[in-house]
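Trainee: I'll drop the sequence and a predicted model, then ask my questions.
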Amino acid sequence: MAATASYLLARREAEHERLLVQSRVWEPAGRALAADLDLPLGARVLDVGCGALGWLRVLAERVPDGVVVGTDVDPARLALAGAACDRADYDHVRLVEDDLFHSTLPAATFDLVHARFALASLGRAADQIAACRRLLRPGGVLVLEEPDTRTWTYEPYARTTATLIGRVTQALRGAGGDLDAGRRVAAHLGTALGVTATTRTHVLGLEAGHPYLRLPLQLAAALEPQLRETLGDDGLADLLAGAAGEIEQPGRGGTTFTLVQSWARVP
């Protein structure tokens, strides 16, 4: 039992580290978009599924005279987010344990609602967008950020890592998610809101040794049961060892997946 608890704790810590690195990597893209959005003075803004940090820093600095709310279903992640906000003295940030699909937040109370990689992780695009729309005031902005894996590669080419990315994509799809949700997010928004969404994309180059290069391994850890069922113990171990060796090879860098940012104002 003690060994199992230690293993689960290590996996949780690794997931928290992945979320923190993810937030830092994509924060410049978030700042650029937030700066371009027209928000009222004293705006109330929401980061759905903020995890360990999410857009909380972006939003806290964008609306210093407003109220920022971050939600997540995991209290451990919210504790990390709260610690980060305390260190930055963001006294206008509120954190709430909440499930978007069964949200207890009052309807029509936010000027902006943001969610990152929520469609990729959970699917159910129509349900998620409807739940977000319920929380927005008339004229409020819904911002969704989703991945598109077509630009996700390594240089020099890493064959085993590419195979792992494909396996992870397949496993997540089997669990109801979609690592290529970015290809369809604008269409989902347009259909759900009855308006034309605006879209912006970002791809980042990663130097050798950058922690975000390890993302395929981290996603594989999160999807280990599904991958083990498909590949078996030995097959998964060999694939992970091969990918880790490639990623850690001196001089090997890469490019991220494409971050697709789509947003629209509700009527």
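Mentor: Arrived safely.
Trainee: quick check, distance from stretch 180-194 to the centre of its chain.
Mentor: Once both centres are worked out by C-alpha atoms, centre = their mean, to the nearest Å, stretch 180-194 turns out to sit 16 Å from its chain's centre.
Trainee: Other residues contacting it?
Mentor: By C-beta atoms under 8 Å, 6 or more residues apart in numbering, the residues outside stretch 180-194 that reach it are 117, 119-120, 125-126, 129-130, 133, 142, 144, 146-150, 169, 178, 195-197, 199, 201, 257-260, 262-264, 266-267. For glycine as for every other residue, the C-beta is placed from the backbone atoms N, C-alpha and C.
Trainee: just the buried members of those?
Mentor: 117, 119-120, 125, 129, 133, 142, 144, 146-149, 169, 178, 197, 257-260, 262-264, 266 (16 or more other C-beta atoms under 10 Å).
Trainee: show me what contacts Arg167?
Mentor: Contact analysis of Arg167 by C-beta under 8 Å, 6+ apart lists Ala220, Leu227, Thr230, Leu231, Leu239.
Trainee: buried ones in the helix or strand harbouring it?
Mentor: Using DSSP states H and E, the secondary-structure element containing Arg167 is helix 159-174. Within helix 159-174, the residues that count as buried by 16+ other C-beta under 10 Å are Thr160, Thr161, Ala162, Leu164, Ile165, Arg167, Val168, Thr169, Ala171, Leu172.
Trainee: mind listing what's buried in the very next helix or strand once past it?
Mentor: Past helix 159-174, further along toward the C-terminus, the next helix or strand under DSSP H and E is helix 185-193. Neighbour-count burial for helix 185-193, with 16+ other C-beta under 10 Å as criterion, is recorded at Val185, Ala186, His188, Leu189, Ala192, Leu193.
Trainee: Looking at those, which one is closest to Thr109?
Mentor: When the buried residues of helix 185-193 are compared for distance to Thr109 (C-beta to C-beta), Leu193 comes out closest, at 17.9 Å.
Trainee: Quick check: that closest one vs Arg133, distance?
Mentor: The gap separating Leu193 from Arg133 is 7 Å, by C-beta to C-beta, to the nearest Å.
Trainee: shared neighbours, these two?
Mentor: Both Leu193 and Arg133 are in contact with Leu142, Val266, where contact means C-beta under 8 Å, 6+ apart.
Trainee: wait, is Leu46 part of a strand?
Mentor: Yes: checked against DSSP: H, G, I helix; E, B strand; the rest coil, Leu46 lies within a strand.
Trainee: Low-confidence ranges, the protein, go.
Mentor: Using pLDDT under 70 as the threshold, the predicted model of the chain has low-confidence ranges 1-12.
Trainee: Would you tell me which strand is longest in it?
Mentor: Criterion DSSP state E: the longest strand present in the chain is strand 136-148.
Trainee: on contacts alone, who are the packing partners of that one?
Mentor: Counting contacts by 3 or more C-beta pairs under 8 Å, 6 or more residues apart in numbering; DSSP states H and E, strand 136-148 packs against helix 2-36, strand 110-116, helix 118-122, helix 125-135, helix 185-193, strand 258-265.
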